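>>> Quick one, what's the 3D model for this:
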Amino acid sequence: MCLLPDAQMWHIYAFSGILAWLTLTIIYHLFFHPLAKVPGPLLPAITYLYASYFYVICSGQFYKEVERLHNKFGPIVRITPNEVHLSDPENYDKIYNMSTHFYKDPNFYDALGLGYATFSTIPNDLHRARR
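Residues are numbered from 1 along each chain as shown. Next up, the predicted model:
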């Protein structure tokens, strides 16, 4: 039995670690994520590559794909691991009101670079206090 020295096994450890991380991320997004029960295709539930393909390769045609997904899965569709698209305008008031328990998307609002501004405050209770 031949054992590789530790100096030559770093790439095996790195590959194993990356593979384990990817597997656990996929399992989390499919079964344990808060949006796991929202209908939609498998690929958008685990990666942003689905949306990126339509934005980059198909020249921004993602809105057409979202419409196709609504026709197939209904009025509520998971379009990325952390995003849901709603086609029913009645849901707008349920999500965007003063007493909602839905948080703003930190990736979007933190990108504005406004730090302590009321508009970009993510937690609802803190936003209420600042407002």
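
>>> Using CSV, write out the CA atom coordinates for the helix or strand hosting Asp125.
Counting by DSSP states H and E, the element that carries Asp125 is helix 124-130. Extracted C-alpha coordinates of helix 124-130, given in CSV (Å, rounded to 0.1, in the frame of the first residue of the first chain):
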residue,chain,number,x,y,z
ASN,A,124,-38.2,45.5,9.7
ASP,A,125,-38.2,46.5,13.4
LEU,A,126,-35.0,48.6,13.0
HIS,A,127,-36.5,50.2,9.9
ARG,A,128,-39.6,51.1,11.8
ALA,A,129,-37.6,52.7,14.6
ARG,A,130,-35.4,54.7,12.2
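
>>> Now do that helix, average pLDDT.
The average of the pLDDT scores along helix 124-130 is 73.

>>> Helix, strand, or coil at Arg78?
The three-state assignment at Arg78 reads strand, by DSSP: H, G, I helix; E, B strand; the rest coil.

>>> distance between the ends of stretch 76-84?
Taking C-alpha to C-alpha, to the nearest Å, stretch 76-84 runs 7 Å from one end to the other.

>>> just to revisit the earlier point, so what's the gap between the helix holding Asp125 and the chain middle?
In this view, helix 124-130 has its centroid 24 Å away from the chain centroid, taken as C-alpha atoms, centre = their mean, to the nearest Å.

>>> same thing with stretch 42-57?
The answer for stretch 42-57 is 10 Å, by C-alpha atoms, centre = their mean.

>>> ditto for stretch 36-50
9 Å.

>>> What of stretch 48-65?
Counting by C-alpha atoms, centre = their mean, stretch 48-65 comes out at 15 Å from the chain centroid.

>>> Please renumber the chain so that the first residue is 652 from this point on.
Shifting the count to begin at 652 puts that one at stretch 699-716.

>>> Look up how far Gly668 lies from Tyr701.
25 Å (C-beta to C-beta, to the nearest Å). Quick note: C-beta positions are derived from backbone N, CA and C, even for glycine.
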